[in-house]
Structure formats: C-alpha cells, structure tokens
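Peer 1: Give me a model of this one.
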Amino acid sequence: RLEMKGEDGRQVPYFLTSKEGLRNVIISAGSETIWLNGTTLSRGEDRDYTIDYASGELTFTPKNLIYFDSDIDIEYQYSESTYKSNYMEAGVEGLIWDKGRYSISYIDESDNAKGSFLSDEQRSVFKSVDVIYQSGVVQDTLGDYVLINDNFLFIKSASNVSPEKQYSVTFSPDPKGKYVRKISDKNRIYYLFELTDDIDNRQRYSPGRSLRAPVSHQLLQFDTNFKLRSGLILSTEGAFSIKENNIFSNRGKTRLNGNAFRLALEKKTVNLGKINLGMDFEYWRNSPEFQSLSRERSVNFKESWGLVGDQKLDGESMSSLRTDIEIGKGLKSGIDISRLVQGDRKKGRTEIDLIYSGNIINTVELRGNRVKSNLYFQELDGQISFFNSPLKPFISFVHEVREKVYRFDDILVGLDFSQNDRSFSLGIGQREDQSPTSKDSSKMETTKTGRIIQVDYKSKQKPGWRQEWLYRQRIQTNKKENASNDYNSFRWCFKTRY
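Peer 2: Numbering: from 1, shown residues only. Presented below is the predicted three-dimensional model:
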C-alpha cells in the first residue's frame, strides 16, 4: 500500500514500489485499486489512469489534473525475484447460542528462505544485519555503460567503445543518488548521471541494489457478533500479530509482537414518522508493534485526520460516535464526532455531511471536516447542481487549511447538458493558494493564483460509433517568483463496435 501527494502539473510518472521502496518489482495485473482524494479511479486510457505492470509506472489521464495537495492512495500486489512466498490460512466459525456468531482465524505468510538463491555467506551475514548492499556492477562486453571519471555513462553507440570497458549496471532508488531515470529515442530505459540539486530525491538512483533478509508474519484473530436486542448489534475483534523482519536473525529487536482490539455498537435505523435515525459507536486500540496483513482503516483515514507522514507511535486508539438522519426522501445527513490518541498526541474531529435532492436545487452534496489539536486542520467541499432538466448549472468548491502551514480555495462554476446520447460539460474556475508570512506564521498571504477551464463531450450513435474528448487547462501564477505556468491536457477517443 502506498500513500503519496501529487505534484503540480505532473501526471506521470508515479512509481509503485516494494515495501522497502525498491522498484525492481512486477505488479500483478489487475490487482491495483487507486484512489484520488478518496474517490476510486477506473483504469483505461479513456478513463482515469493507465499502468505499466512490468515497470510499476502509473500515469494519470487528463481527466484529473494532479496538484501538490492531491491525495493518492494505491493498493496492489506485486512479485519480486528475491524470494518465493509461503502462505497458510486456517479458521473455524460457529454460532453462539441463537444470539450471535464467532470466528477464529490464523494466517502465516513468510518468505521461503530455504528455497531461495541465498549463499551460505549471505545467510551468515543476515544473522547480524537486515540488509545487504551489493555493488550491482559487472564487467560485460555487451554492457550498456562505460566508466569514465568514476561515473557510469550510458552508451548510445558502442562503435567507439572498447568491449573491455563496458559494464552492466543495476540501479536502485537512493535519495542521495546522482543518476536519474530516462527513456531513449529507441524506447529503452537508462540512467543518466546528473550532478544537480534540482532533482527530486524520489527520482534519484545509484548503482547497486539492496537485498533484504527474508521475513515472516503471523496473525491470530478472534471475531464475535452479538444481537443484544431488536436493532442493537455488538461486534468485537481481537488480534495478535508476530512480525519477524529477519528470519535468520536471533536479535530480539527484529521481532515485533503486537495486539489490537475493536468494539462496535450499531443501532439499526429507528423510524420516527418522516425521520429515520441511526447511530453507531466504535472504539479501537492498537499496540505500537501491531502489524495487520490487510488495510484496517478507511482509505482516507490519514487525510481526514490531517496526519502527515509515518511516525513511530507509542500505540494509538480511537473512539467515535456517528449519527445518521434521513428526513423524507430528499435529505440525508450524518454527524461523526471522534477522538484519536497517538502516544501523547490527542486530536478531536467533527465531520458533517449532507445530501439533498429536489427540483429547483437538483442535488447538493456537502462535507465539512474539522480537526482540533495543537494546530487545527479544516476541510470543506461540495457540489450543487440546479434544475431537474437536461441543462444543469453547477457549482463545486474545495477549501482546505492547515494552521500555520497552508490554505487553498478552489471554486468551479459551469453547465452540464445531457440529452439522448450526447452530453456536454463546461466548467470555469479559479484557485488561490496561501502560505504563512515570513514575519508572522499565524498570518497568511497569497502565493499562487490559478484559472481553470475544463470541457467534456461524449456522444454515441446507433451503429456503435462513440467519441469522447476532454480538455483541461490550468494557468498558475506564482506571485513570490513572479512566474506563470500553463498546464494543458487534451484527449480524444473514438470507438466503434461491429
């Protein structure tokens, strides 16, 4: 699983890596699920993204322009040439009288160290270290690189290079590396030596590769589900995990023993005339070293709590109370009040969402989220469309602020038209980014402004002819640097079926 932020105007490349951050993996075709700002995307050149499974390279289509604050979440499976895997799962389940059910499951997932290519020397070294670094450089008369002044240069033409000076070189990601990944005019991937500070650390490489020790992971889980009374359900989950980060090591620090517990109380919807009311309560706690085998939180958990980065925590717990209200057939609303404790850090969060449908105001979708801690974090986004007719004006907006860090406001207004087998959408908007002033971090000043234009058209004809095209433009002005950037993207797609 990967969580990352986007970059302004950068649709490609975003790389899918191993747990160690290495790119020498092959993504299992169709195993990926990708979210952009909490919305699930669809694969395809005429949809949201494309992916090269062999290289792990992800490309976002022009349909969604990527910004610096875009939240990208990716789940996928991959295979690597280092080790084969062993997997075993067993379980039992049954009834608890006539009031509920229980289940017990055990999962053991580990690297097959016995069947690996590791030498006796490497196995011995792994007893004291978790990663072995290999040079990745081999003298090869058919190699693609030549060594000049202690740097490897890609050979575009071998006619003037002596075979004894040629090398095969394996490159791996390295934040301090001096090489960048390129694609030649013959569509070959190579690595170019560039001594500059203008390269993002995530795009740097160095000759060589790292070999991690084989790992193992066991999980024992207990689940129960009780029906306390009519409409009231109690659920519990308990789990114990053992993660061994180095099978060959006898050092205690490579083993992580953890536990987790979850309790949920759900009150089914109660009808009060035209009002339907439902409530849920949840509490969970994870020890510092608990390691799950699958995703245990909502995909936008970190984003909704305003969490940044991965930090080692002295355990964490969360309690939440959610109320859902439905009035008639046109109005739905939910209120979620939560408290998150991570070590000695405490946060409180209130989220309110609303969905409305009617005639003049056709649809309304609003969401407000505020997190209180030492510094507050706030989100407000929504979309409103008017008139229940083929022609629908609309307004969409996104507001986000992280105290003393940044603020941005994004608004888009436009028209949607749909009739028979044709649809057309035009949107024009603007965006403003603010950052703290140099003299007072509690005060914000405008650093960037932007204008946005988006156009979409789709049509379908009876013989099976289809066409789609879209256009996106963002003109961004950086006030501090007195510079302007123009991002444009266009896609046209024509399909037919016989």
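
Peer 1: Find the residue ranges of the stretch 301-450 of the chain scoring beneath the pLDDT cut-off.
Peer 2: Across the stretch 301-450 of the chain, the ranges flagged by pLDDT under 70 are 309-313.

Peer 1: same check, this time on the stretch 51-200 of the chain
Peer 2: 80-82, 115-116, 157-159, 187, 200.

Peer 1: those helices in it, which residues are they?
Peer 2: Along the stretch 51-200 of the chain, counting by DSSP state H, counting those that start in this stretch, helices occupy 120-125.

Peer 1: what do you get for the stretch 201-350 of the chain?
Peer 2: Per DSSP H, counting those that start in this stretch, the stretch 201-350 of the chain carries helices over the ranges 301-304.

Peer 1: The nearest residue to S442 once chain neighbours are set aside: how many residues sit nearby?
Peer 2: Spatial nearest neighbour of S442, chain neighbours left out: K404 (6.4 Å); criterion: Cβ to Cβ, 6 or more residues apart in numbering. In short, each C-beta sits where N, CA and C put it, glycine included. For K404, the neighbour count with other Cβ atoms under 10 Å is 15.

Peer 1: Helix, strand or coil: sort out K404 for me.
Peer 2: For K404, the assignment made with DSSP: H, G, I helix; E, B strand; the rest coil gives coil.

Peer 1: ok, it touching P436?
Peer 2: Yes - here K404 reaches P436: they are 5.5 Å apart, a contact under Cβ atoms under 8 Å.

Peer 1: Which residues are in contact with each of the two?
Peer 2: Contact criterion Cβ atoms under 8 Å, 6 or more residues apart in numbering; residues shared by K404 and P436: S442.

Peer 1: Distance of the most centrally placed residue in the chain relative to F193?
Peer 2: Geometric centre of the chain, nearest residue: D73, 1.0 Å, by Cα atoms, centre = their mean. According to Cβ to Cβ, to the nearest Å, D73 stands 34 Å off from F193.

Peer 1: what's the answer for S55, then?
Peer 2: Distance, S55 to F193, by Cβ to Cβ: 21 Å.

Peer 1: hmm, back to that, what distance do you get for the residue nearest to S442 to M444?
Peer 2: Relative to M444, and taking Cβ to Cβ, K404 is found at 9 Å.

Peer 1: any residues in contact with both of these two?
Peer 2: Residues within reach of K404 and of M444 at once, by Cβ under 8 Å, 6+ apart, are P436.

Peer 1: Which positions in stretch 384-398 come out as buried?
Peer 2: Buried residues in stretch 384-398, defined by neighbour count with 16 or more other Cβ atoms under 10 Å: I384, S385, F386, K392, F394, S396, F397, V398.

Peer 1: Number of residues surrounding E7?
Peer 2: Counted by other Cβ under 10 Å, the residues lying close to E7 total 14.

Peer 1: how about the nearest residue to it, chain neighbours excluded?
Peer 2: Here the residue nearest E7, using Cβ to Cβ, 6+ apart, is F68, at 6.0 Å.

Peer 1: neighbours of that neighbour, just the number please.
Peer 2: Neighbour count of F68, defined by other Cβ under 10 Å: 14.

Peer 1: again, but for the one 4 residues further on
Peer 2: When counting by other Cβ under 10 Å, one arrives at 19 neighbours for I72.

Peer 1: go on, L142?
Peer 2: Using other Cβ under 10 Å, the number of residues around L142 comes to 8.

Peer 1: Provide a list of residues in contact with it.
Peer 2: P163, Q166, S168 are the contacts of L142 under Cβ under 8 Å, 6+ apart.

Peer 1: do the same with L195
Peer 2: K178.

Peer 1: Swap in 10 Å and give it another go.
Peer 2: By Cβ atoms under 10 Å, 6 or more residues apart in numbering, the contact set of L195 is N151, K178.

Peer 1: cool, S110 as well?
Peer 2: Residues in contact with S110 (Cβ under 10 Å, 6+ apart) are Y83, S85, N86, Y87, M88, P214, V215, S216, H217, Q218, E244, I247.

Peer 1: That one and V138: what is the separation?
Peer 2: Per Cβ to Cβ, S110 is found 31 Å from V138.

Peer 1: Strands along the stretch 251-400 of the chain, start to end?
Peer 2: Shown for the stretch 251-400 of the chain, the strands assigned by DSSP state E, counting those that start in this stretch span residues 255-272, 275-286, 316-327, 331-342, 345-357, 361-372, 377-386, 391-402.

Peer 1: Figure out which of the ones you listed is closest to D185.
Peer 2: strand 391-402 (40.5 Å; Cβ to Cβ).

Peer 1: which is the next helix or strand following that closest one?
Peer 2: On the C-terminal side of strand 391-402, the nearest following helix or strand under DSSP states H and E is strand 406-419.

Peer 1: I figured S168 was touching L147, is that so?
Peer 2: No - with contact defined as Cβ atoms under 10 Å, S168 does not count as touching L147 (11.8 Å).

Peer 1: Which neighbours do the two have in common?
Peer 2: V137, Q139.

Peer 1: How many neighbouring residues does the residue lying closest to Q221 once chain neighbours are set aside have?
Peer 2: If the residues on either side of it in the chain are set aside, Q221 comes closest to A239, at 4.4 Å by Cβ to Cβ, 6+ apart. A239: 21 surrounding residues under other Cβ under 10 Å.

Peer 1: The chain should start at 33 in everything you say after this.
Peer 2: Happy to do that; since the first residue is 33 now, the last one works out to A271.

Peer 1: what about the closest residue to D172 other than its chain neighbours, distance to Q166?
Peer 2: With sequence-adjacent residues excluded and distances taken as Cβ to Cβ, 6+ apart, D172 is closest to S200, at 4.1 Å. S200 is 13 Å from Q166, where distance means Cβ to Cβ.

Peer 1: Also K334?
Peer 2: Relative to Q166, K334 is positioned 34 Å away (Cβ to Cβ).

Peer 1: Compare those two and say which is more crowded by neighbours.
Peer 2: K334 (16 against 12).

Peer 1: Might one say that that one is in contact with V340?
Peer 2: Yes - under the criterion of Cβ under 10 Å, K334 makes contact with V340 at 7.9 Å.

Peer 1: any idea how far the residue nearest to E39 lies from R463?
Peer 2: Distance of F100 to R463, computed by Cβ to Cβ: 11 Å.

Peer 1: between these two, what contacts are shared?
Peer 2: Shared contacts of F100 and R463, defined by Cβ under 10 Å, 6+ apart, are found at F440, K480.

Peer 1: which residues does the residue lying closest to Q198 once chain neighbours are set aside contact?
Peer 2: Once flanking residues are discounted, Q198 sits nearest to G175: 4.0 Å by Cβ to Cβ, 6+ apart. For G175, the contact set (Cβ under 10 Å, 6+ apart) comprises V169, F184, I187, A190, V193, P195, K197, Q198, Y199, S200, V201.

Peer 1: and the nearest residue to L458 once chain neighbours are set aside, how many neighbours does it have?
Peer 2: Nearest non-adjacent residue to L458, counting by Cβ to Cβ, 6+ apart: G446, 5.0 Å away. By other Cβ under 10 Å, the residues close to G446 number 19.

Peer 1: Quick check: bridge partners of Y237?
Peer 2: Beta-bridge pairing of Y237 under DSSP bridges involves P205, Y211.

Peer 1: That one reaches F47, doesn't it?
Peer 2: No - using Cβ under 10 Å as the test, Y237 is too far from F47 to be in contact (11.4 Å).
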